[in-house]
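model the structure of this input:
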Amino acid sequence: MAEELKQRLERRDATIGVIGLGYVGLPLAVAFAKAGLPVIGVDADAGRSARIRAGVSPVEDVPSDELAPLVTARRLVVADGIAALTAADAIIICVPTPLGKSKEPDISHIVAATEDVARILRAGQLIVLESTTYPGTTEEVLLPRFAAAGLTVGHEFFLAFSPERIDPGNRRFGLTNIPKVVGGVTASCMALASALYGLIIERVVPVSSPQAAELVKLFENIFRSVNIALVNELAIMCRRLGLSVWEIIDAAATKPFGFMPFQPGPGIGGHCLPSDPYYLSWRARMMGYEARFIAFADEINRGMPGYTVQLAIDALNDLGRPLKGSRLLVLGVAYKAGVGDVRDSPAVEIIDALALRGARVDYADPHVPTLTVGSRSLTAVDWAASLGAYDLVLVLTAHREFDPVRLVREARLVLDTRNLTGPLGAQPHVIRL
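Predicted coordinates:
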């Protein structure tokens, strides 16, 4: 069975099934379809499924004019339910893995998808989990449910884990040129998963097991979280020392070895950094070890929105203005530049905190036309229309559309929490993080 599936992959006549057509699953589905393989997609969100069937992409990294021809030619078909994936030779699971209320892993979407697949599992299929999760999930959650169907892993069906590495808005590194880590339950599982991804990705990196691959993903994001926390704490200390954290970072970055620059900001957001570290710390706690470093980094990062609010209060106070009643403009509410993703964006918390203290807050973001903050629905304003009407402008996400020269020329007071290019930092009325 392994040899037959391998040959079908090589001939590109194997059908690929994708469960979850969001930021991870849709780019995969499109890549396989463009590579000449028939693709069947399934998504629990009926609205998203309808948009994709109409050739309209709900994901910024997948242009609609790239998606539409594939849908029209039925190289990418969005099915109504999991039963359609009986025809799939390889099924890739790309479902969300959020945190519960107590910051414990919530793998309910993985469990639901696994149980759906188990009901239609047939001999000769390859199943790959891409959803970020704690080490051991593939072999402890997926494998027993699939094995219960009476099939033998590595002989009659094949199972692997390969973590997603999607970076929304990144124009340099996309799906095809980011190396793909793969861990298979058996050698044949590994070989088939590697062959699958080798059809669309330049380099496949095999590791010893699914558990190793699961930990790779968590370690990558914990590395970022910890270093962001370090530079955020450095920013707080530099402010007390009367130094520019940006000057310190830029000078340190001239060292050609042993240093990697990170930038401070108003907090962390997106689909990975706020939650992924907890998946490992929870798993470690279950094994009797408390991951203190991860928790401390998270404490610093989650304190940055409050620190930013205090900077705004202090900046206005220096001009003899109270926060209550002041008009504030927030530039950029997405969690990173170049995208419209506001999941766990610190900007939402900052706007809410400022409004609760009596400030009148507007926002502008070229990628986010509307924003929900608490019980309020806000609409983006034209950021350049009346800069001078605001008592304070807070730059939270440095989209390229925001002109630093115009900010300096027309705004009364700017609080810059991102390293915008241009002469912004040289002006006396600009406050840096």
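
now stretch 178-191: average pLDDT?
Average pLDDT, stretch 178-191: 98.

what does stretch 390-404 give?
Here the average pLDDT along stretch 390-404 is 90.

list the buried ones in it?
In terms of neighbour count (16 or more other Cβ atoms under 10 Å), stretch 390-404 has its buried residues at 390-399, 402, 404. Bear in mind the C-beta positions are built from the backbone N, C-alpha and C, glycine included.

so G358 makes contact with L328?
No - G358 is beyond contact range of L328, at 10.7 Å (criterion: Cβ atoms under 8 Å).

out of these two, which sits in the busier spot?
Counted by other Cβ atoms under 10 Å, G358 and L328 do not tie: L328 has more neighbours, with 23 against 11.

can I get the helix or strand hosting the more buried one in CSV, CA atoms only?
Applying DSSP states H and E as the criterion places L328 in strand 327-331. The C-alpha trace of strand 327-331 is given here as CSV (Å, rounded to 0.1, in the frame of the first residue of the first chain):
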residue,chain,number,x,y,z
ARG,A,327,-8.9,62.7,21.2
LEU,A,328,-6.6,59.8,20.3
LEU,A,329,-5.8,58.2,17.0
VAL,A,330,-4.4,54.7,16.9
LEU,A,331,-2.5,53.8,13.7
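
run the chain-centre distance for the longest helix anywhere in the chain.
In the chain, assigned by DSSP state H, the helix with the most residues is helix 210-241. Relative to its chain's centre, helix 210-241 lies at 15 Å (Cα atoms, centre = their mean, to the nearest Å).

tell me the mean pLDDT over that helix?
The pLDDT scores in helix 210-241 average 96.

which positions within that helix qualify as buried?
Neighbour count says helix 210-241 has 210-211, 213-218, 220-222, 224-226, 228-229, 231-236, 238-239 buried, by 16+ other Cβ under 10 Å.

do the same with stretch 303-319
Applying 16+ other Cβ under 10 Å to stretch 303-319 flags 304-305, 307-309, 311-313, 315-316 as buried.

need the residues that contact it.
Residues from elsewhere that reach stretch 303-319 (Cβ atoms under 8 Å, 6 or more residues apart in numbering): 232, 236, 264-268, 322-323, 326, 328, 346, 349-350, 353-354, 357, 391-392, 394, 396, 413, 415, 417, 431, 433.

again, but for stretch 164-182
23-24, 27-28, 31, 60-61, 94, 130-132, 160-163, 190, 193-194, 197, 200-207, 213, 216-217, 220, 270, 336-339, 341.

what subset of these is buried?
Of the members of the contacts of stretch 164-182, the ones counted as buried by neighbours, 16+ other Cβ under 10 Å, are 23-24, 27-28, 31, 61, 94, 130-132, 160-163, 190, 193-194, 197, 200-201, 204, 206-207, 213, 216-217, 220, 270, 336-339, 341.

which of those residues fall in strands?
160-161, 204, 206 (DSSP state E).

mind putting the residues you listed in JSON lines, distance to T176 and pLDDT included?
Formatted as JSON lines, those follow (distance: Cβ to Cβ, whole Å; pLDDT from 0 to 100):
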{"residue": "A160", "distance to T176": "19", "pLDDT": "98"}
{"residue": "F161", "distance to T176": "20", "pLDDT": "98"}
{"residue": "V204", "distance to T176": "12", "pLDDT": "98"}
{"residue": "P206", "distance to T176": "18", "pLDDT": "98"}
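
taking those residues together, which two end up most distant?
F161 and V204 (13.2 Å; Cβ to Cβ).

how many neighbours does the residue lying closest to V226 once chain neighbours are set aside have?
Using Cβ to Cβ, 6 or more residues apart in numbering and skipping the chain neighbours, the partner closest in space to V226 is A297 (4.5 Å). Neighbour count for A297, taken as other Cβ under 10 Å: 24.

A297 sits in which helix or strand?
Applying DSSP H and E, one finds A297 within helix 292-318.

pairing-wise in the sheet, spell out the partners of A90.
I16, L126 (DSSP bridges).

would you confirm that it contacts L199?
No - A90 is not in contact with L199 according to Cβ under 8 Å; the separation is 10.0 Å.

now for those two: what residues contact both?
L9.

and those two? which has more neighbours close in?
Taking other Cβ under 10 Å, A90 and L199 do not tie; A90 has more neighbours (26 against 16).

where's V77, which helix or strand?
strand 76-78.

pull up the pairing partners for that strand, direction included.
Neighbouring strands of strand 76-78 in its sheet, by DSSP bridges, are strand 39-42 (parallel).

may I have the partner strand exported as PDB, CA atoms only?
Extracted in PDB, the C-alpha atoms of strand 39-42 (Å, rounded to 0.1, in the frame of the first residue of the first chain):
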ATOM      1  CA  VAL A  39      -7.900  18.700  -4.000                       C
ATOM      2  CA  ILE A  40     -11.000  18.400  -1.800                       C
ATOM      3  CA  GLY A  41     -11.300  21.000   1.000                       C
ATOM      4  CA  VAL A  42     -13.600  20.900   4.000                       C
END
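
buried by neighbour count: which residues of the next helix or strand after that strand qualify?
Downstream of strand 39-42, the first helix or strand assigned by DSSP H and E is helix 46-53. The neighbour-count check on helix 46-53 (16+ other Cβ under 10 Å) flags 48-49, 51-52 as buried.

ok, those residues vs I248, which is closest?
Taking Cβ to Cβ as the measure, I248 sits nearest to R48 out of the buried residues of helix 46-53, at 44.0 Å.

residue contacts, the closest one?
Contacts for R48 (Cβ under 8 Å, 6+ apart) come out as 21-22, 58.

just the buried subset of the residues you listed, written out for PyMOL, thanks.
To isolate the buried subset of these in PyMOL, counting by 16+ other Cβ under 10 Å, use the following:
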select buried, resi 21+22+58
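
can you redo the contacts of R48 as JSON lines with distance to D80 and pLDDT?
Shown next, in JSON lines, are these (distance: Cβ to Cβ, whole Å; pLDDT from 0 to 100):
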{"residue": "L21", "distance to D80": "13", "pLDDT": "97"}
{"residue": "G22", "distance to D80": "18", "pLDDT": "95"}
{"residue": "P58", "distance to D80": "17", "pLDDT": "94"}
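
hey, where'd the helices end up in this protein?
Using DSSP H, helices in the chain cover 2-11, 25-34, 46-53, 64-72, 108-120, 137, 143-147, 187-198, 210-241, 245-252, 276-286, 292-318, 346-356, 404-410.

just put these in a markdown table and tack on distance to R172.
Converted to a markdown table, those look like this (distance: least, Cβ to Cβ, whole Å):
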| stretch | distance to R172 |
| --- | --- |
| helix 2-11 | 28 |
| helix 25-34 | 15 |
| helix 46-53 | 26 |
| helix 64-72 | 18 |
| helix 108-120 | 30 |
| helix 137 | 31 |
| helix 143-147 | 37 |
| helix 187-198 | 20 |
| helix 210-241 | 17 |
| helix 245-252 | 21 |
| helix 276-286 | 22 |
| helix 292-318 | 25 |
| helix 346-356 | 25 |
| helix 404-410 | 23 |
